[in-house]
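> Fold the following, please.
(one chain, ligands or ions: 1)
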Amino acid sequence: MKTVLRYVLTYKKSAIIALLLMGVELTVELLQPMLMGVIIDQGVVEQDMEAIMIWGGLLLFLSLLAFASGITNSFFAANVSQGVGHDVRRDLFTRIQSFTADQFQRFATSSLITRMTNDVTQVQSFLFMAMRIMLRAPLFIIGGLILAFTVHAGLASILLLAVPFLFLFMLWMMGKGVRLFREVQVRLDAVNRVIRENLVNMRLIKAFDRGDYEQHRFDEVNRPLMDENKKALRLLELTMPAVMLAMNIVLVVVLWYGAADLRVGDAQAGQVVAVLNYGTRIMFSFSTFSFLLMVFSRGRASTTRIAEVLHKDAGEEVDTYDEMYTIKGDVSFEDVSFRYPGMNVDVIKHLSFSANAGETIGILGETGSGKTSLLQLLPRLYSPTEGQIRIDQKDIHSHSVPSLRRGIGFVTQEAHLFSGTIADNIRWGDEQADMEQVKQAAQEAHIHDFIMSLPNQYETNLGQKGVNLSGGQKQRLSLARAMIKRPAILLLDDSTSALDAQTETSVLHTLEHLSCTTFIVAQKISSVQAADHILLLQDSELIAKGTHSELMQHSDVYNNIFQSQLQREEVHDGSI
Ligand SMILES: Nc1ncnc2c1ncn2[C@@H]1O[C@H](COP(=O)(O)OP(=O)(O)OP(=O)(O)O)[C@@H](O)[C@H]1O
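Numbering: from 1, shown residues only. Sure thing, here's the model as predicted:
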């Protein structure tokens, strides 16, 4: 809860006004039974019309005041809860942007989405209720008891006997509620995960005709959500009748003793009515409490989940370098080993090589040999477990992450595009770029002609309600996005795999003329044949390095790969 309260401080003015207005409503509520008692005793019993008019007028005025306060309170409470919701969502988003790869692995994407949406909504409802009625219920119980005592101590002490039991019962329910609602949110994560996977992979599911299987998988997460929700609600449904029963018994006892006191003259009718009125309202406050309990339990569970994301790890790497350095592109790996956090095997073992700025490095190797992992070390998505990576002769950790990443262009294995126009997607690499630069990057990635063939050309919308691109078109658009950055180091992770041979040759030819240090991860030797250095990986180790002709002379493995790929191409071309 501390996390949320910190956010409320930003809106403390609105929060204080809301609480003060709630105080006005509470005061009126507390005075009403007393005034009614006075009207009965001084007006009705004494048949004094003037007293009825005066006290009745005051009661009406106070009721109107409470009504106006209630409306204004809602306005300020909404201001605080919506403001806090906005700020929490903003900070969660910012925090997630700065997540390390390790932290991403710790939280499932679906869980992060639930935390940013549903959990924030729960906190908003809780805050709104807190400022609207939450404090009113317990304060009314306390204030109501005190005033009932001033009216008639004997009858009020009957009320007092029941209240501590009900309070303890409520506290116990609250503890149980928080646990149950936390479980509900976890189940909601699972439902969101399956929905997300289904929406993303809809075509695959249809192609494999796995609709029934996925339906079954969805039912398997949807049912536990319902069950868990029912369990939590059942607990809360039990609260209201339990409270009602307890308080009704108390009211009967008050009536019993009240009637006896009336008979012997120890109490006036107005006093009995006032204490009964306080008793009824205290009971109502307890039942309101049971509803608030649900909101509080959910809010509390959600706050914990939000705090987990916002919380900064003690051992987290904090960048202390503020200066922006423009990277030139010299790269060297010195005996670098790397394993993923929490794993016990190295996926890169004692790797050493160096390349000068502007050179091209081809990386070949069987699947799972560590090619992608190697590329990810350069923008510091991960850090080496052993050894040292140097950029421009300086340890990679002595460059600030922003200056490092500003100087690196990355085309990932899977081409990801964003909703928006084609121009937006290319400009995503450099938001300052003008239309000429966008077009130039598209030309370098050999996608310009295709874009010009579309009816809306660069303003064509992608994704939902827009066009869908082929795998090769997506790859080239991702390439243009990386190129527009004019990076000093360009990382291409199997980024030409979906291109036809002719287009790939044209793209590779363009890359040769770029002045950046280019890392090309590829499956085919032909994609890296012209590289200044070729690294051949096997089982996480560098087994050979050199130019194409050097490797042809010295590496049997390279030779074998070359021969087998050559044969495959010949069969493909129909030459044998
Ligand atoms: N996030 C991760 N956490 C743990 N292990 C991982 C992670 N990503 C990859 N690995 C493991 O690291 C090893 C190297 O993976 P990597 O993706 O670098 O291989 P690759 O050579 O790029 O393969 P491919 O050619 O199939 O893309 C694999 O055994 C893989 O299972």
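> mind checking which helix or strand whatever residue of the stretch 1-150 of the chain ends up closest to the ligand is in?
Residue nearest to the ligand within the stretch 1-150 of the chain: Gln105 (6.2 Å; C-beta to the nearest ligand atom). Any C-beta I mention is one placed from the backbone N, CA and C, and that applies to glycine too. In this assignment (DSSP states H and E), Gln105 forms part of helix 101-106.
> May I have that helix exported as PDB, CA atoms only?
Output of helix 101-106 as PDB, limited to C-alpha atoms (Å, rounded to 0.1, in the frame of the first residue of the first chain):
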ATOM      1  CA  ALA A 101      16.600  -9.300 -20.200                       C
ATOM      2  CA  ASP A 102      16.800 -11.200 -16.900                       C
ATOM      3  CA  GLN A 103      13.800  -9.300 -15.500                       C
ATOM      4  CA  PHE A 104      11.800  -9.900 -18.700                       C
ATOM      5  CA  GLN A 105      12.400 -13.600 -18.200                       C
ATOM      6  CA  ARG A 106      11.000 -13.300 -14.600                       C
END
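> what's the strand or helix carrying Arg481 packed up against?
In this assignment (DSSP H and E), Arg481 forms part of helix 471-483. Judged by 3 or more C-beta pairs under 8 Å, 6 or more residues apart in numbering; DSSP states H and E, the packing partners of helix 471-483 are strand 408-411, helix 422-427, helix 435-444, strand 489-493, helix 501-512.
> 7 Å - rerun?
strand 408-411, helix 422-427, helix 435-444 (3 or more C-beta pairs under 7 Å, 6 or more residues apart in numbering; DSSP states H and E).
> which of these is buried the deepest?
Neighbour counts (mean count of other C-beta atoms under 10 Å) averaged over each of these peak at strand 408-411, with a mean of 24.
> okay, now Ile146: neighbour count?
Applying other C-beta atoms under 10 Å, we find 11 residues neighbouring Ile146.
> ok so it is a strand residue?
No - using DSSP: H, G, I helix; E, B strand; the rest coil, the assignment for Ile146 is helix, not a strand.
> picking that back up, nearest to Leu251 among the helices and strands packed on helix 471-483 would be which one?
Closest approach to Leu251 among those is made by helix 422-427 (66.7 Å; C-beta to C-beta).
> Would you mind checking the average pLDDT for the closest one?
Per-residue pLDDT values over helix 422-427 give a mean of 90.
> Run the chain-centre distance for that helix.
From the chain centre to the centre of helix 422-427 is a distance of 26 Å (C-alpha atoms, centre = their mean, to the nearest Å).
> So Gly299 is in contact with Gln124, correct?
No - at 8.6 Å, Gly299 and Gln124 do not qualify as touching, with contact defined as C-beta atoms under 7 Å.
> Look at those two and report which has more neighbours.
Remark: of Gly299 and Gln124, Gly299 carries more neighbours, 27 against 23, as counted by other C-beta under 10 Å.
> From the contact counts, what lies against the helix or strand hosting that one?
Following DSSP H and E, one finds Gly299 within helix 269-310. Contact partners of helix 269-310 among helices and strands, from 3+ C-beta pairs under 7 Å, 6+ apart: helix 2-8, helix 12-38, helix 49-97, helix 120-129, helix 136-151, helix 153-200, helix 211-264.
> just the ones you listed: most buried one?
helix 120-129 (a mean of 22).
> Contacts for that helix, please.
4, 77-78, 80-82, 84-85, 88-89, 292, 295-296, 298-299, 302-303, 306 (C-beta atoms under 7 Å, 6 or more residues apart in numbering).
> Show me the domain layout of the protein.
Following automatic domain parsing, one gets these domains for the chain: 2-310, 325-407+489-497+518-576, 413-486.
> Between these, which one is closest to Ser506.
Distance to Ser506, taken as C-beta to C-beta, is lowest for domain 413-486 among the domains of the chain, at 5.2 Å.
> Please tell me the pLDDT value assigned to the residue of the stretch 1-150 of the chain closest to the ligand.
74.
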